[in-house]
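# Give the three-dimensional model of this entry:
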Amino acid sequence: MRAHNEQLQKAVVSHAVVDQAIDALDALSQATGAMAFSIGLGGQDLALYRMAAIRWVPRRTAHVLLAGTAVAAALLTVPTMGASMATTAFVVRDSAGLMGLVALGAALTGGQYAWTLPFAWLSFSFFAPPPTSAPMEVAMWMLLPPGTAAGTWTALALTVVGSAAYAVAGPRR
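Numbers count the residues shown, from 1 in each chain. Presented below is the predicted three-dimensional model:
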């Protein structure tokens, strides 16, 4: 009986490790998608900014939201091809947070370097120890299971702050 319990514990632990690896792979896929969209937040033409007939705040907000939707949609279509990976809540939360982080990066550093914030945060998340406190849960929000308060609120805050900063200030020149 004891041998059976040990095998069962090993199976549970290995299942948890596989789940963490899948979450990390999903977060990496989403971060790559968000970083690919980051260059489009640069705004290439200064003359266009000065003479546009429609205000730029709604355009920039829509740009960030549509890019986040595209990143989420790309990962959510994977299960239709046979490989079930992340849950919808995980994908939506991480896509929104990552696009907010990219938008904040565009506002702070410009479109060409907007990818650095999500890259640095994801790199830290991969190499940091498992979260045991609230600040570490905030730092590891991308890899937390869906429904975790720290992960959800951090992603929401990044989405709102990043999108607002980019919409109002635009990309740094």
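# Centre of the chain to stretch 103-118, how far?
Chain-centre distance of stretch 103-118: 13 Å, with C-alpha atoms, centre = their mean, to the nearest Å.
# Can you mark which positions in that stretch are buried?
Across stretch 103-118, burial judged by 16 or more other C-beta atoms under 10 Å covers 103-111, 114-118. Just so you know, the C-beta spots here come from the backbone N, C-alpha and C atoms, and that holds for glycine as well.
# burial measure for the nearest residue to residue 26 once chain neighbours are set aside, as a count.
Nearest residue to residue 26 in three dimensions, chain neighbours excluded: residue 86, at 4.0 Å (C-beta to C-beta, 6 or more residues apart in numbering). Neighbourhood size, residue 86 [other C-beta atoms under 10 Å]: 22.
# Then residue 93?
So residue 93, with other C-beta under 10 Å, has 26 neighbours.
# so it makes contact with residue 145?
No: assessed by C-beta atoms under 8 Å, residue 93 is found out of contact with residue 145, at 10.1 Å.
# tell me, what's touching these two both at once?
Residues touching both residue 93 and residue 145 (C-beta atoms under 8 Å, 6 or more residues apart in numbering): residue 151.
# for this structure, what are the low-confidence residue spans?
1-22, 43-54, 79-85 (pLDDT under 70).
# Find the residue at the geometric middle of it.
Nearest residue to the geometric centre of the chain (C-alpha atoms, centre = their mean): residue 98, 2.7 Å.
# Now do the contacts for that residue.
Counting by C-beta under 8 Å, 6+ apart, residue 98 makes contact with 30-31, 33-34, 68, 71, 118, 142, 158.
# out of the buried residues of stretch 103-118, who's nearest residue 169?
residue 107 (4.9 Å; C-beta to C-beta).
# where's the closest residue in space to the closest one that isn't next to it in sequence, which helix or strand?
Closest residue to residue 107 apart from its sequence neighbours, by C-beta to C-beta, 6+ apart: residue 165 at 4.1 Å. Element membership of residue 165, judged by DSSP states H and E, is helix 149-169.
# List the contacts of that helix.
Helix 149-169 has contacts (C-beta under 8 Å, 6+ apart) with 41, 56-58, 60-61, 64-65, 68, 93-94, 96-108, 131, 134, 137-138, 140-142, 144-146.
# Return the subset of those lying in helices.
56-58, 60-61, 64-65, 68, 93-94, 96-108, 134, 137-138 (DSSP state H).
# Show the buried residues in the contacts of helix 149-169.
Looks like those have 41, 60-61, 64-65, 68, 93-94, 96-108, 131, 137, 140-142, 144, 146 buried, using 16+ other C-beta under 10 Å.
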